[in-house]
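Enquirer: Whatever this is, show me its structure:
(one chain, ligands or ions: 3)
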Amino acid sequence: MKILEIALATPLRRSFDYLPPADTDPDNLKPGMRLRVPFGHQQLCGLLLEVKNHSSLPVKKLKPALALIDDAPLIPLEHLKLLRWAANYYQAPVGDALFTTLPTLLRQGAAAVLSGETHWRLSTDGKGLPVGALKRAKKQAELIKTLQSGHINRTELCRLNISRATVKALLDKNLIEEFDLLPSYTIDSIPHHPLLSETPLLLNIEQKNALQHIDLKNYTAYLLEGTTGSGKTEVYLQAIERVLNDGKQALVLIPEIGLTPQTIGRFARRFNTPIATLHSGLSDKERLQGWLRAREGIARIIIGTRSAVFTPLKELGIIIIDEEHDPSFKQQDGFRYSARDFAAVRAQRENIPLVLGTATPALETLHNALEGRYKHLHLMQRAGNAKPPVLSAIDIRQQTLQNGFASETLDAINDTLDRGNQALVFINRRGYAPTLLCHDCGWQALCRNCDARMTVHQRPFHLHCHHCDHQGPIPQRCPDCQSPHIQAMGQGTERSEDDLQQIFPNTRVLRIDRDTTRKKNAMADMLDIIHSGDPCILVGTQMLAKGHHFPDVTLVAIIDADGGLFSADFRGPERMGQLITQVAGRAGRAEKPGRVVIQSHCIDHPLMETLLNYNYHHFAQMLLKERYIGNLPPYRYLAIIKAESKFANSANNFLQQARNLAEQLHPSSVQLNYLGPLPAIMERRNDRYRFQLQINAAKRGPLQQLLKLLAQHMENHKDARKIRWAIDVDPQDMS
Ligand code: ADP
Ligand code: ZN
Ligand code: ZN
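Expert: Ligands and ions are numbered 1, 2, ... in the order given. Purely as a prediction, here's the structure:
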């Protein structure tokens, strides 16, 4: 008798036993195949975990599966084991976790068949387009011209720096059409001769040294700590070149930011080899096809965001994580995994190198490097002729500010524009103002769903909660005292844009934040303007901090540096240091030297002083000491159990019971102790009360065991359905 142990995408922490489908030879069933199974009144797509000889249930109670979907395992056995390890480590329901790792179409039961890659070509209308048409749409004309000699895929679009929006515009005009093209080669005849389609840069000594240290034959994790602009990408590219020459594949993970096409473009320009991209900007079909090309070994370089780390790969030879400190590598809901940490386990199992690159390492990573578990590689100098920017702090205590700007800051902007350069103004707060206040009675506009203030927006004119998305009109009079003296307090990007435009009426001011880049082509259009090199002022949020290369920006002004110092989240200062360093790194990245001015009320705070007068590395070591004294990660292991409900009591009681049970199982000690249940930093959000129970342990093992038992208990709790609860192992976001 063969019993099938199957994982289903349900929130239950268990697998399900079925009998083989009637018309299938049980000997053909292998772990990693999908089957369609009956589940209550539904049919679900399940993943076969194991073929067993017995079940804990009586056999006559088991139902047969309905049909086999795959005729070969979707996921190789070793890889399946690794994914199951992750589900277990992150305390996630196994089915939920496994299905999260798959492209949407595979989750739904679609066939895992290579049907080809999406390409674009001229339509009949496009072929008949008169010469000189589309004059006013340069990029569209460029694409039409390119297509005159054939068709193009997504990677080539990135190579040519042509955006999705351009493609969409031409599709809408019926000038081009989409079609699928099967690779015209097999695995054995992948076209990569010659492998390079551009000449690599000549490495400087530091880069050469770093590259030479990367052992491609064995597992080692490397922290490539390189100042912004030090040429980390060139090191990745040359390491990948060697991996490809060995006949292996490279997996590159990048943060979830608008820069994906630019990054892909850089890889595509270098290598004449198939690249698969896996990120949220793709259609479900494209994602599935990319995943299959990666799995089959047809794609040799795989570039993607967080979940790409789970892609099964035929001949993986290296994993590279760019900007490894970026919070987007941790999933914050559902299957709460860390792509970076999973990558480390994967690299170890597959015995390949892992390269973690950043200018601002996460404290966990830095700790691993300092302890010798990761090999520490340094790039201290900027590559090429670029010089490091000169930092100066502006003490704004007791200064009269003009719209939030110190006169020194405005002088610096003025001076920059006079020299024909560009200035970047960083304000990490979108909207017009963070607070709407009654001058007469002190009333503030609060969100009705959250413990938060509504943000004032001017365009369009409304109040907006950035936590739950609740929106409302801006009142003419105070709802409490009817006074008309209602004021917007504080500076957001929208207001600073207006103010700067008034102060510098003859200069173009570009605002870059989530609101101005929502439209498809908006970011690409703004980048075009910036890269044209004309003097301008960029005002923006952390969207400006990451990865961008702005050759004409010679001044970066950070308007309020202090926020993170007093954050309720213990990671606040770390994030602040990373953000300031990354934004500062946008200055002077090319031939022109750069300068950074930082407005602060706390320039003599020891952390701020270290960051400003030394560098992120010293700052991070100081934070590590604080973490050590505070018994916090990376010196301790943390897990939090989060619960939220309509009524504060239910969530609180639920966690209190979890704590009581935990104390019975594992009395609080130095080795493992509890904090809470306590209200979350924002207790009420989206009309729910939120509580947390923190567990802090010296070792992973006992923490894992305890969490497993607690999870079982909570799942069976009578209130479990009324309460949203989750376990977050190695949490990154304490809010
Ligand atoms: P990072 O990722 O470390 O911030 P990049 O890899 O983007 O830095 O490199 C910054 C700039 O320096 C890029 O314009 C790149 O082309 C250039 N660069 C990198 N390495 C070299 C080199 N060895 N010689 C000259 N220029 C280089
Ligand atoms: Zn009032
Ligand atoms: Zn809200």
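Enquirer: which is the next helix or strand following the helix or strand bottoming out on mean pLDDT in the chain?
Expert: The weakest-scoring helix or strand in the chain, judged by mean pLDDT, DSSP states H and E, is helix 154-159 (a mean of 84). Moving toward the C-terminus from helix 154-159, the next helix or strand (DSSP states H and E) is helix 164-172.
Enquirer: buried sites along that following helix?
Expert: Buried positions in helix 164-172, judged by neighbour count with 16 or more other CB atoms under 10 Å: 164-167, 169-170. Placement of C-beta: from N, CA and C, glycine included.
Enquirer: Give me the residues contacting the following helix or strand past it.
Expert: Following helix 164-172 in sequence order, the next helix or strand is strand 176-181 (DSSP H and E). Here strand 176-181 makes contact (CB atoms under 8 Å, 6 or more residues apart in numbering) with 115-123, 126, 143-144, 147, 151, 153, 167, 170-171.
Enquirer: Can you give the strand pairings for strand 176-181, parallel or anti for each?
Expert: The pairing partners recorded for strand 176-181 under DSSP bridges are strand 117-122 (antiparallel).
Enquirer: what is the mean pLDDT for the partner strand?
Expert: Regarding strand 117-122, the rounded mean pLDDT is 88.
Enquirer: Any idea how far that strand is from the middle of the chain?
Expert: Taking CA atoms, centre = their mean, to the nearest Å, the mean C-alpha location of strand 117-122 is offset from the chain mean by 29 Å.
Enquirer: Next SSE downstream of it?
Expert: Using DSSP H and E, the helix or strand that follows strand 117-122 in sequence is helix 124-127.
Enquirer: how about the CA coordinates for that next one, as CSV?
Expert: The C-alpha coordinates for helix 124-127 follow below in CSV (Å, rounded to 0.1, in the frame of the first residue of the first chain):
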residue,chain,number,x,y,z
THR,A,124,2.0,45.3,-39.9
ASP,A,125,1.3,48.9,-39.0
GLY,A,126,4.7,49.2,-37.4
LYS,A,127,6.4,48.0,-40.6
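Enquirer: for it, which positions count as buried?
Expert: residue 126.
Enquirer: next SSE after that helix?
Expert: helix 138-147.
Enquirer: Apart from its neighbours in sequence, what residue is nearest residue 489?
Expert: Distance criterion CB to CB, 6 or more residues apart in numbering; nearest residue to residue 489, sequence neighbours excluded, is residue 435 at 4.3 Å.
Enquirer: what's the one you found in contact with, if anything?
Expert: The contact partners of residue 435, taken as CB under 8 Å, 6+ apart, are 444-445, 453, 456, 488-490.
Enquirer: likewise residue 266?
Expert: Each residue near residue 266 by CB under 8 Å, 6+ apart is listed here: 233, 237.
Enquirer: secondary structure class for it?
Expert: Under DSSP: H, G, I helix; E, B strand; the rest coil, the three-state class of residue 266 is helix.
Enquirer: what do you get for the one 10 residues further on?
Expert: Classification of residue 276 into helix, strand or coil gives strand, according to three-state DSSP.
Enquirer: In the beta-sheet assignment, what are the partners of it?
Expert: Beta-bridge partners for residue 276, by DSSP bridges, are residue 302.
Enquirer: who in the chain is up against ligand 1?
Expert: Proximity of the chain to ligand 1, by CB under 6 Å from any ligand atom, involves residues 201-204, 207, 226, 228-234, 383-384, 549.
Enquirer: Among those residues, name the buried ones.
Expert: With neighbours counted by 16+ other CB under 10 Å, those contain buried members at 203-204, 207, 226, 228-234, 383.
Enquirer: could I get those as CSV with distance to residue 110, pLDDT and secondary structure?
Expert: As requested, those are arranged in CSV below (distance: CB to CB, whole Å; pLDDT from 0 to 100; DSSP: H, G, I helix; E, B strand; the rest coil):
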residue, distance to residue 110, pLDDT, secondary structure
203, 44, 95, coil
204, 48, 95, coil
207, 44, 97, helix
226, 41, 95, strand
228, 42, 89, coil
229, 43, 88, coil
230, 43, 92, coil
231, 42, 93, coil
232, 38, 95, helix
233, 35, 95, helix
234, 39, 96, helix
383, 44, 87, coil
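Enquirer: Between which two of those residues is the distance greatest?
Expert: 203 and 228 (17.9 Å; CB to CB).
Enquirer: before we move on, the earlier item: in the buried residues of helix 164-172, find the pair that's most separated.
Expert: Top of the distance list for the buried residues of helix 164-172 (CB to CB): 164 and 170, 11.0 Å.
Enquirer: so residue 11 sits in a strand?
Expert: No - going by three-state DSSP, the assignment for residue 11 is coil, not a strand.
Enquirer: can you offset everything so residue one is 162?
Expert: Yep, numbering from 162; the last one is residue 172 now.
Enquirer: From the contacts of strand 337-342, list just the buried residues.
Expert: Among the contacts of strand 337-342, the ones that count as buried by 16+ other CB under 10 Å are 278-284, 287, 304-305, 308, 312, 314, 328, 331.
Enquirer: ok, which residues in the chain are in contact with ligand 2?
Expert: For the chain, the contact set with ligand 2 under CB under 5 Å from the ion comprises 599, 601-602, 604, 639, 641-642, 644.
Enquirer: Specify which member of these is nearest to ligand 3.
Expert: residue 604 (17.3 Å; CB to the ion).
Enquirer: Run through the residues that contact the residue nearest to the closest one when sequence neighbours are not counted.
Expert: If the residues on either side of it in the chain are set aside, residue 604 comes closest to residue 641, at 4.4 Å by CB to CB, 6+ apart. Applying CB under 8 Å, 6+ apart to residue 641 gives the contacts 599, 602, 604.
Enquirer: from the residues of the chain next to ligand 1, which two are the most distant?
Expert: Within those, 363 and 389 form the most distant pair, 20.8 Å apart (CB to CB).
Enquirer: May I see the ChimeraX selection of the buried members of the residues of the chain next to ligand 2?
Expert: Of those, the buried ones go into a single ChimeraX selection, burial set by 16+ other CB under 10 Å:
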select :599,604,639
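Enquirer: Show me the residues of the chain next to ligand 2 that map onto strands.
Expert: Within the residues of the chain next to ligand 2, residues falling in strands by DSSP state E are residue 599.
Enquirer: Generate TSV for the residues of the chain next to ligand 2, with pLDDT and distance to residue 826 as supplementary columns.
Expert: Shown next, in TSV, are these (pLDDT from 0 to 100; distance: CB to CB, whole Å):
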residue	pLDDT	distance to residue 826
599	96	52
601	96	57
602	96	52
604	96	49
639	96	54
641	95	51
642	96	55
644	96	58
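Enquirer: And for the strand of greatest length in the chain, what's in contact with it?
Expert: As assigned by DSSP E, the longest strand anywhere in the chain is strand 833-846. For strand 833-846, the external contacting residues (CB under 8 Å, 6+ apart) are 610-613, 628-629, 729-730, 803-805, 809, 812-813, 816-817, 819-820, 823-824, 827, 829, 850-859, 863-864, 867, 895-896.
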